[in-house]
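1. Pasting the sequence and the predicted model now:
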Amino acid sequence: MTTTATRRRHPATLAVHAGERAPRGRFTPVSTPIYHAATFLYDTTAELDGAFEADPSFVYARHGNPTVHALEDALAVLEGGAVACACASGMAALHAALLASEVAPGDRIVAGRDLYGATAGLLNTVFAPQGIDVVYVDAGDPGAVERAVAGGRTRLLLVETLSNPLLRVADLPALADLAHRHGARLLVDGTFTPPVLLRPLEHGADLVVHSTTKYLSGHGDVLGGAVIGGAAYAGPLQSVSRLTGGVPGPNEAWLTLRGLKTLPLRYERQCQNALAIARWLAEHSAIERVHYPGLRTHPHHDLAAGLFDASGAGAQFGAMVAFTIRDADRARVCRFLDRLELCLPATSLGDVYTLVAYPAMASHREVAPAQRARLGIGDDLLRLSAGIEQIDDILADLEQALA
C-alpha cells in the first residue's frame, strides 16, 4: 500500500495493512497457491452480494476456499464425478455423505459387516440412536444383501471396495443394481482402492468416500477426507459442509493436492511391492494364511481381476496385504511388531512407508472380541500397507522379525 493516504497513517495502522491486498496481476501461478485467508474481499458490495450465491463461493472460508476448491476439482475429475466435497478427515467425509443422503428416522442403512471399526461406531452411536435402522450383512452374499435391503425402508447400502482388514472384494455392479432396484443408494468407501485402481461411480455407485489421509495424499503428513458423487449431490453436500463445518484447512488441501500428482507413480510401485510381499508370505513357514486379491487362492481373485484397472503395470490388485502368523497369540504378534526395523508398526495406510497394523489393537479395537472372531479378525491377524521402498529391504525386515 503506497498511496499518499497510507503514508500519512499511523505506524500501528500500517503494521496491520502494509503489504496486503496487492493488485491482482495478469498471471496464473503454475501450481495452486495456499490461500491462508478466512475472508475474501470484492471491489464493490454488489460483487460481494453476488459472491454469496456463486459456485464456487469465496466469501468466508467455511463456505469455500480457492485451494480447497482446486483439490475438490481434482478429486471429481479423478473419480469421474460431477462434484466433490473435501472434508477435514475420512470420518468427516463419511458423516457428510450419510447426511447428504438425507437418511431420516425410520430409514434403514444396510452395511457390509466387514467395515472399518470407526465406521461401525459412527453408525451405531450417532445414527442408530436417531431412529435409523442399521443392519449388517455379508456383502459377498447376494441373497443376504437382498433380504436385508428389501426388509426395511432402506435408504443406503454401504460397503467398502476392499474390506478392512480382510480384503474381501465388493461386487460393485451387482450391489449397485440390487440397491437401485429397491430404491436405495450405494455408498462406497474407496479408501483402499484409489481412483487409479477403481472408480466406483463408473460401476453404479452413487457416492464414494475417501480418507485422503491415505493413498491420495500419500506421505503420512496430512489428515483429510472427501466425498465424490453426481451433480444431484452438489446442493446437499455444499449445505452439509457449510452447516457442519467439517472443512479442511488450505494447508491440508494443498498437501493433498500435491500428493495427488504422484499418486499413479507411487501406487504402481506400492502394488508391485504388495504382490511380491504376498507371494513371499504365502511361501513362508511361519505364516498361516495370506489375504491378497492378487493371489489365485483369494476367493475374489477373478472378481478383482475384472473390476480393477489393470492399465498400470503391476497395479491390478491393490497395495494392501493381510496375513496371520502361525500359532500366534497377542504376545507373539507384539514381539514381531517390536522387532520390525524398516517396516513401521503404525495404524494408518497408503503412505510411502511400509506400515504394519494390528487390527485387534488398532482399527477394530472397539469391536468386541467375540464379534472380531465372527468376522475372522483374530489375535493372529496383521495388516500390511506396502510402501515404495526397495522390495528386498522390505522382505529382509519381515524375515528377521519373523525369525
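-> Cool, the structure landed.

2. If we go by neighbour counts, what in stretch 50-64 is buried?
-> Neighbour counts over stretch 50-64 (16 or more other C-beta atoms under 10 Å) mark 51, 57-59, 61, 63-64 as buried. In this view, the C-beta of every residue, glycine as well, is placed from N, C-alpha and C.

3. Mind picking the two most distant members of those residues?
-> Distance extremes for the buried residues of stretch 50-64: the farthest pair is Ala51 and Ala61 at 13.1 Å, using C-beta to C-beta.

4. tell me, how many neighbours does Leu172 end up with?
-> If you count neighbours by other C-beta atoms under 10 Å, Leu172 ends up with 24.

5. dump the residue contacts of the closest residue to it other than its chain neighbours.
-> Leaving aside its chain neighbours, Leu172 sits nearest to His203 (3.9 Å; criterion: C-beta to C-beta, 6 or more residues apart in numbering). Neighbouring residues of His203 by C-beta atoms under 8 Å, 6 or more residues apart in numbering: 172-173, 176, 307.

6. Give me the distance between Tyr42 and Gln238.
-> Using C-beta to C-beta, to the nearest Å, we find Tyr42 at a distance of 20 Å from Gln238.

7. Which one's more surrounded, those two?
-> Neighbours per residue (other C-beta under 10 Å) separate Tyr42 from Gln238, with Gln238 holding more: 18 against 13.

8. any idea how far the closest residue to Gly90 other than its chain neighbours lies from His364?
-> Among residues not flanking Gly90 along the chain, Ser211 sits closest, at 2.6 Å (C-beta to C-beta, 6+ apart). Ser211 sits 16 Å away from His364, going by C-beta to C-beta.

9. Please say which of the two ends up with more neighbours.
-> A side-by-side neighbour count of Ser211 and His364, using other C-beta under 10 Å, places Ser211 first with 27 against 24.

10. elements contacting the longest helix along the chain?
-> If you go by DSSP state H, the chain has its longest helix at helix 263-282. Other elements packing on helix 263-282 under the criterion 3 or more C-beta pairs under 8 Å, 6 or more residues apart in numbering; DSSP states H and E are strand 287-291, strand 320-325, strand 381-385, helix 391-402.

11. For the protein, which segments count as strands?
-> Counting by DSSP state E, one finds strands in the chain at the ranges 83-87, 108-112, 133-137, 154-160, 185-189, 207-210, 225-229, 287-291, 320-325, 355-357, 381-385.

12. The longest one pairs with which strands?
-> Just to be clear, that refers to strand 154-160. Strand 154-160 has the following sheet partners, assigned by DSSP bridges: strand 108-112 (parallel), strand 185-189 (parallel).

13. and those strands, which is most packed in?
-> Of all the strands paired with strand 154-160, strand 185-189 has the most neighbours on average by mean count of other C-beta atoms under 10 Å, namely a mean of 26.

14. any idea of the mean pLDDT in that one?
-> In this model, strand 185-189 has a mean pLDDT of 98.
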